[in-house]
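*Asks:* the sequence isn't on hand, but the structure is:
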């Protein structure tokens, strides 16, 4: 570390909810005595580039079990609106004081910590507002993650102030997606 310059605080944030429309409760499905989410969080503990780990779930009673699993696996739990995923990420980043946020979905129990570390490394190397391995599918489904500065975190002026609906991760329905044309036209993206 250069004198006077601190390392980036990188929060690994897992978005999780039990109200999936196709398979409700899928992240809590037991496999060999443990919910699938527990296996994913166990793997994500091995992400060396993360300085904090958060599960961003909803305030719904149906997600109390997700909060319990996350806490048992040593993850911070942040809860918010079921319908505003972006706000849950904002809360997670603020709660742990993150400069950088790594978004992972909770339905990837085979996620590879080395792949996540690679994406974090490419982001921290500079030159991009957003780095993902899903802009162009370069890994099988279930290994996807993306990295950007959180809303309100350091270095977010460009990513936040260019759009009134919340910056790089947000799209008009308040879900998380980098695929909209305005995002591709406004930000420096890297796969």
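*Replies:* Sure thing, it's come through. This is a predicted model, so every value here is computed, not measured.
*Asks:* phi and psi next, for residue 55.
*Replies:* phi -110, psi 120 (degrees, to the nearest 10).
*Asks:* how about it, what does it touch?
*Replies:* Neighbour list for residue 55: 13, 14, 16, 41, 66, 67, 70, 75, 76, 77, 78, 106 [criterion: CB atoms under 8 Å, 6 or more residues apart in numbering]. C-beta here means a position set from N, CA and C on the backbone, and glycine is covered the same way.
*Asks:* residue 16 and residue 104 touch, don't they?
*Replies:* No. The pair residue 16 and residue 104 fails to qualify as a contact (CB atoms under 8 Å) at a distance of 9.5 Å.
*Asks:* more neighbours, these two?
*Replies:* Neighbours per residue, other CB atoms under 10 Å: of residue 16 and residue 104, the larger number sits with residue 16, 27 against 24.
*Asks:* so who does the more buried one touch?
*Replies:* The contact partners of residue 16, taken as CB under 8 Å, 6+ apart, are 27, 37, 55, 56, 57, 63, 66, 70, 105, 106.
*Asks:* and those residues, which is closest to residue 127?
*Replies:* Here the nearest of the contacts of residue 16 to residue 127, counting by CB to CB, is residue 105; it sits at 25.6 Å.
*Asks:* the closest one and residue 45, how far apart?
*Replies:* For residue 105, the distance to residue 45 equals 17 Å [CB to CB, to the nearest Å].
*Asks:* the two - which one has more neighbours?
*Replies:* Comparing residue 105 with residue 45 by other CB under 10 Å, the one with more neighbours is residue 105, at 16 against 13.
*Asks:* and the gap between the residue nearest to that one when sequence neighbours are not counted and residue 125?
*Replies:* Distances taken as CB to CB, 6 or more residues apart in numbering place residue 15 nearest to residue 105, at 5.6 Å, with adjacent residues excluded. Relative to residue 125, residue 15 is positioned 25 Å away (criterion: CB to CB).
*Asks:* cool, thanks, talk later.
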